[in-house]
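# need a 3D model of the following:
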Amino acid sequence: TNPIQQIATSYVYTHVNDIGEESGPSPVSATVLKDDGTSVTVTTPTTIPSGISDDYNVTTKRIYRAVTGNTGTAFLFVAEIPLSQADYVDELPDNELGDPLESEDWDLPPDDMRGIIALPNGIMAGFRRNQLCLSAQNRPHAWPVRYRLNTDTDIVAIGNIDNTVVIGTKSFPYTASGNDPAAYSMTKLEVSQACVSKRSLAYLASIGIVFASPDGLIAVAGNGRISNLTESIYTRKQWQTLMPDTILGATHDDVYYFWFSNTTLTELVFVSRVSAADTLWRSVAWGDDTYVAVGNAGTNGVMTSPDGITWTAHNAAANADWFSVAFAVIGSPPRFVAVSGSSVANAAMYSDNNGVTWTLAASPPSSTSLWGEIAWSSTLGLFVAVSYAASSGFWVATSPDGINWTNRAGIAGPWFSVVWGGSIL
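This next block holds a predicted model:
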């Protein structure tokens, strides 16, 4: 007769609560020798481990046995027994064992985890100190340590745009994206905008995740693009008087509302609107009862609106990255003038019918300068444009009409903005 072959094996067990949530496994038992005709008595504790709350309502235990095959060793399901039962006699042959242990690396959520959100892909996300924590997929009770991603500084709040987690920290915003929690990747957005109020962070449709920073109300889009929604409304000094670290924000019907604590309670409302075209819009100006916006395009490079709600697309005079637009009452009709932030042969255009049709400037500013902004001074009777890159040395250009321009050396930049203050530019 052939001798019976005994194979070394071992056991683990898990705890299961009343709604079927399973814990990570116990430490592996001592090795035992077993063949398919041998029974093994497995003894497990009849109480939950020290430090585990009764609120988990553990009711049963699952026993798993190690089996080695062609692909390695796995713990396969043996039986589920009541928590109060200590001993179980295992007589099953290998071919009658059940599914592999799923919870091998599952851990309880950290005691200090906060800000839990649910993602569309079945993953939960939360944070503790400077760690973003992710749950196992479709297992909201299981938070493997290996699914944690670190930021440089402590996390203040998190939100999500679909499966992308936007993370506001005490220094920089981050995004983390993926479909499998084991494969999520984190990106640090290299714009120093701290989230100063966890209660300010909210999702605003068509805009992204919005939160209060020291400089204004920051929006992070799904692709990681960052913008300051309030930079044209508040200076940094004005924004600071609102005490941004006290801001409470919320969204309703595509409107972001926020409140702050100061001498009075007030609110600011932002409503997201649909643009007339899928263009990177750079600048907007108001004049003659019309809003005119310009962007990075020739076709559909301009859009106009009577109220800021409904927009109509128009073609620019040339295909360029139109960075800035200004309005002036020069005569009748009044005029909108735009300048380009890309190196093109004609870097300025104008419109005398409220942005509907555009004409290239007859004598434009330098094509070797990248013009970042334009302003109008009614006192001086001049359009003034400033450059953020000027290989020819022309950092400023002026024009009395937006058609004929004079290039000026000015003080070396880069210059990103210009405004008329009533007596000085």
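
# any idea how far residue 67 is from residue 25?
Going from residue 67 to residue 25 by C-beta to C-beta, to the nearest Å gives 15 Å. For glycine as for every other residue, the C-beta is placed from the backbone atoms N, C-alpha and C.

# more neighbours: which of the two?
residue 25 (20 against 16; other C-beta atoms under 10 Å).

# show me the shaky parts of the stretch 151-300 of the chain.
Within the stretch 151-300 of the chain, the stretches with pLDDT under 70 are 262-272.

# so where do the strands sit in it?
155-161, 164-169, 173-177, 185-188, 202-204, 208-212, 217-220, 226-228, 248-252, 255-261, 265-271, 281-287, 290-295 (DSSP state E, counting those that start in this stretch).

# let's have these in JSON lines, adding mean neighbour count and distance to residue 56.
JSON lines is the format used below for the strands of the stretch 151-300 of the chain (neighbours: other C-beta atoms under 10 Å; distance: least, C-beta to C-beta, whole Å):
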{"stretch": "strand 155-161", "mean neighbour count": "22", "distance to residue 56": "25"}
{"stretch": "strand 164-169", "mean neighbour count": "26", "distance to residue 56": "26"}
{"stretch": "strand 173-177", "mean neighbour count": "21", "distance to residue 56": "28"}
{"stretch": "strand 185-188", "mean neighbour count": "13", "distance to residue 56": "30"}
{"stretch": "strand 202-204", "mean neighbour count": "18", "distance to residue 56": "31"}
{"stretch": "strand 208-212", "mean neighbour count": "26", "distance to residue 56": "33"}
{"stretch": "strand 217-220", "mean neighbour count": "26", "distance to residue 56": "36"}
{"stretch": "strand 226-228", "mean neighbour count": "17", "distance to residue 56": "41"}
{"stretch": "strand 248-252", "mean neighbour count": "15", "distance to residue 56": "33"}
{"stretch": "strand 255-261", "mean neighbour count": "18", "distance to residue 56": "38"}
{"stretch": "strand 265-271", "mean neighbour count": "12", "distance to residue 56": "42"}
{"stretch": "strand 281-287", "mean neighbour count": "18", "distance to residue 56": "52"}
{"stretch": "strand 290-295", "mean neighbour count": "23", "distance to residue 56": "55"}
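
# among the ones you listed, which comes closest to residue 359?
Comparing these against residue 359 with C-beta to C-beta, the closest turns out to be strand 290-295 (14.2 Å).

# what about the closest one, distance to the chain center?
Centroid separation between strand 290-295 and its chain, computed with C-alpha atoms, centre = their mean, to the nearest Å, is 27 Å.

# paired strands for the helix or strand just after it, with orientation please.
The element immediately downstream of strand 290-295 (helix or strand, assigned by DSSP states H and E) is strand 302-305. Using DSSP bridges, the strands paired with strand 302-305 are strand 290-295 (antiparallel), strand 312-314 (antiparallel).

# format those strands as CSV; extra columns: distance to residue 21.
Shown next, in CSV, are those (distance: least, C-beta to C-beta, whole Å):
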stretch, distance to residue 21
strand 290-295, 51
strand 312-314, 53
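
# tell me which of those strands sits nearest to residue 112.
Proximity to residue 112 (C-beta to C-beta) singles out strand 290-295 among these, at 45.2 Å.

# residues in contact with that closest one?
Residues from elsewhere that reach strand 290-295, judged by C-beta atoms under 8 Å, 6 or more residues apart in numbering: 275, 279-286, 301-308, 311, 316, 321-325, 327, 336, 338, 351, 354-355.

# from residue 119, how far out is residue 162?
According to C-beta to C-beta, residue 162 and residue 119 sit 8 Å apart.

# comparing these two, which residue is more hemmed in?
Per other C-beta under 10 Å, whichever of residue 162 and residue 119 has more neighbours is residue 119, with 20 against 10.

# residues touching that one, list them.
Listed by C-beta under 8 Å, 6+ apart, the contact partners of residue 119 are 125, 160, 162-163, 165.

# which one of those is nearest to residue 16?
Nearest to residue 16 among those is residue 125, at 24.6 Å by C-beta to C-beta.

# got the contact list for the residue most central in space within the chain?
In the chain, the residue lying closest to the centroid (C-alpha atoms, centre = their mean) is residue 166, at 3.2 Å. Contact partners of residue 166, counting by C-beta under 8 Å, 6+ apart, are 158-160, 173-175, 208-209, 220.

# bridging residues for the closest residue to it other than its chain neighbours?
In space, and not counting its chain neighbours, residue 166 is closest to residue 209: 3.9 Å by C-beta to C-beta, 6 or more residues apart in numbering. With DSSP bridges as the criterion, residue 209 is bridged to residue 203, residue 220.

# follow-up on the earlier one: farthest pair within the contacts of residue 119?
125 and 162 (12.5 Å).

# just give me the neighbour total for residue 195.
A count of neighbours around residue 195, defined by other C-beta under 10 Å, yields 29.

# verify the stated contact: it with residue 202.
No: in terms of C-beta atoms under 8 Å, residue 195 does not count as a neighbour of residue 202; the distance is 11.5 Å.

# and for the two, which residues touch both?
Common contacts of residue 195 and residue 202, defined by C-beta under 8 Å, 6+ apart, comprise residue 211.

# hmm, back to that, so which of the strands paired with strand 302-305 gets nearest residue 401?
Nearest to residue 401, of all the strands paired with strand 302-305, is strand 290-295, at 17.3 Å by C-beta to C-beta.
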